[in-house]
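Asks: Structure of the sequence below:
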Amino acid sequence: RAPTAHELLVTLAKRRGWLLGRGGYADETRAGRRILKDYCDGKLVVCTLPPRANDIAYLGELAEWFVPTAAMPLWAPPAISSSSS
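Replies: Got it, this is the predicted structure:
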């Protein structure tokens with residue numbers, strides 16, 4: 001399972017040593033601000049698929065190039081074999 005937002009912030013704060021008070025509570029606010037700063041500065045990579053990329057009907061006549069297989073991701077064209085004539 002993916003970590004929750006709370007777990008992510010607590011883990012980041014503890015690893016960076018951002019603790020509050022005598023109990024050593026994680027400074028989640030500082031961790032959250034750091035994540036937002038890194039995102040705005042372009043230090044975090046964010047990638048998304050284009051809209052409707054998984055919709056084969058949307059691709060029309062290009063659909064034959066985008067048929068997914070176990071070894072090939074949806075967005076990669078199949079290998080073109082070179083036959084000697």
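Asks: Mind picking out the helix or strand in this protein with the poorest mean pLDDT?
Replies: helix 56-59 (a mean of 59; mean pLDDT, DSSP states H and E).
Asks: Mind jotting down where the strands sit in this structure?
Replies: Ranges of strands in the chain, per DSSP state E, are 19-20, 25-26.
Asks: Counting by contacts, list what the first one packs against.
Replies: Going back to what we said before, that points to strand 19-20. With contacts taken as 3 or more CB pairs under 8 Å, 6 or more residues apart in numbering; DSSP states H and E, strand 19-20 sits against strand 25-26. Glycine gets a C-beta too; all of them are placed from N, C-alpha and C.
Asks: Could you give the number of residues near the residue nearest to residue 46 when sequence neighbours are not counted?
Replies: Spatial nearest neighbour of residue 46, excluding adjacent residues (CB to CB, 6 or more residues apart in numbering): residue 39 at 7.6 Å. By the measure other CB atoms under 10 Å, the count of residues near residue 39 is 12.
Asks: okay, now the residue nearest to residue 3 when sequence neighbours are not counted: neighbour count?
Replies: If the residues on either side of it in the chain are set aside, residue 3 comes closest to residue 11, at 7.3 Å by CB to CB, 6+ apart. The tally of other residues near residue 11 (other CB under 10 Å) stands at 13.
Asks: Retrieve the pLDDT associated with residue 11.
Replies: Per-residue pLDDT puts residue 11 at 93.
Asks: Please apply the same query to residue 70.
Replies: 52.
Asks: And residue 18, how close does it get to residue 43?
Replies: 17 Å (CB to CB, to the nearest Å).
Asks: These two: who's more crowded?
Replies: Taking other CB under 10 Å, residue 18 and residue 43 do not tie; residue 18 has more neighbours (17 against 10).
Asks: Isn't the more buried one up against residue 29?
Replies: No - taking contacts as CB atoms under 8 Å, residue 18 lies outside contact range of residue 29: 9.1 Å.
Asks: Tell me which residues touch residue 25, please.
Replies: By CB atoms under 8 Å, 6 or more residues apart in numbering, the contact set of residue 25 is residue 19.
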